[in-house]
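Undergrad: Turn this into a model:
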Amino acid sequence: MSDIISIQSHVAYGYVGNRAAVFPLQRLGWDVTAVNTVQFSNHTGYGRFTGTVFPADQIREVVDGVAALTGFAGVRALLTGYMGDRSTGAAVLDALAKLRAARPRALYCCDPVMGDTGRGFFVREGLPEWMRDRALPVADIVTPNQFELAWLAGREVTTRDDAMAAAAALRARGPRVVLVTSLVVADSPADRIAMLVDTAEGSWRVTTPLIDFETPPNGAGDFTAAMFAAGCLELGLSADGPARALARTAAAVQVLFEATWAAGGRELALIAAQDEIAAARGDRVSIERLR
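TA: Have a look, this model is predicted:
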């Protein structure tokens, strides 16, 4: 019986997409059904890779097979990340519709993977607009980085107030909870990086040390979205549930980054840090209520 269905990319070597999300979720005790949108040798940040992008119909077939076998019994959430193009996105929303028909209270956590500060968009043309117009309105939780937040909201994000206003604009389109997974604004100390969660009931921010990786590891956003989705499933989307999930998530990201830095590689040190991730609690970080 699965708790979470995760539809993301897969790599044979390294930790991005489902490889960055499924194991830590399982280590925390969540049963995960993984549906892979691609199978690559490694993530594309290396510049060279081999493998295949699975067609949308194959994703539908896999989801339909899971549904026929299990009826989605016990599934509490759908988690999605990198989609690549609109056809993959359409297959994801078909899966969501089938899941909600069987499990109407299932949550949808959408990580709108599209681009990043300094790099711009890295997905195919038309997907950002599809993400804004189709995926965002049906999501319960959305987890953009700062670049994605600004684009989805159609406004600059250079201050804390900008970030809160942009998050509120996203909530007005459908999601109940917005997690900004990386935030560096005008009042950010040079050695800190923030995450911010915004709901109708409040906004909270947590800052953690900014680790100056020579080559920043890929997959951190995938890991962050998975940890936050799990926290919200456990703690709820109302009252201070998202704030407590934010604190837990930030603590888990911090211990993972510390282990990755110590390992000296460019892949997330998920195996080395698994016990610390499982033990991470929100009291490790300081959370600030903004409103």
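Undergrad: Which residue would you name as the spatial centre of the protein?
TA: Ala225 (2.5 Å; C-alpha atoms, centre = their mean).
Undergrad: longest helix anywhere in this protein?
TA: Assignment by DSSP state H gives helix 241-263 as the longest helix of the chain.
Undergrad: ok, and what's touching that one?
TA: Around helix 241-263, the neighbours that count as contacts under C-beta atoms under 8 Å, 6 or more residues apart in numbering are 24, 177, 179, 195, 197, 199, 202, 204, 206, 208-209, 211, 213, 217, 220, 223-224, 227-228, 230-232, 234-235, 267-270, 272-273, 276-277, 280-285, 287, 289. The C-beta positions use only the backbone N, C-alpha and C, and glycine is treated the same way.
Undergrad: thinking again about what came up before, could you pull out the buried residues of the helix or strand hosting the residue nearest to the centre of the chain?
TA: Element membership for Ala225, per DSSP states H and E: helix 220-235. Judged by neighbour count using 16 or more other C-beta atoms under 10 Å, the buried positions of helix 220-235 are 220-233, 235.
Undergrad: same question, stretch 179-195
TA: Of the residues in stretch 179-195, those buried under the neighbour-count criterion (16+ other C-beta under 10 Å) are 179-185, 193-195.
Undergrad: hey, where'd the strands end up in the chain?
TA: Under the criterion DSSP state E, strands of the chain are mapped to 4-11, 32-40, 51-53, 77-80, 107-110, 115-116, 120-121, 141-142, 177-183, 192-199, 202-209, 287-289.
Undergrad: Could you dump those strands into JSON lines with mean pLDDT and distance to Asp240 added?
TA: Output for the strands of the chain, formatted as JSON lines (pLDDT from 0 to 100; distance: least, C-beta to C-beta, whole Å):
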{"stretch": "strand 4-11", "mean pLDDT": "97", "distance to Asp240": "22"}
{"stretch": "strand 32-40", "mean pLDDT": "96", "distance to Asp240": "26"}
{"stretch": "strand 51-53", "mean pLDDT": "92", "distance to Asp240": "40"}
{"stretch": "strand 77-80", "mean pLDDT": "98", "distance to Asp240": "20"}
{"stretch": "strand 107-110", "mean pLDDT": "98", "distance to Asp240": "17"}
{"stretch": "strand 115-116", "mean pLDDT": "84", "distance to Asp240": "29"}
{"stretch": "strand 120-121", "mean pLDDT": "80", "distance to Asp240": "35"}
{"stretch": "strand 141-142", "mean pLDDT": "98", "distance to Asp240": "15"}
{"stretch": "strand 177-183", "mean pLDDT": "96", "distance to Asp240": "12"}
{"stretch": "strand 192-199", "mean pLDDT": "95", "distance to Asp240": "9"}
{"stretch": "strand 202-209", "mean pLDDT": "95", "distance to Asp240": "7"}
{"stretch": "strand 287-289", "mean pLDDT": "93", "distance to Asp240": "9"}
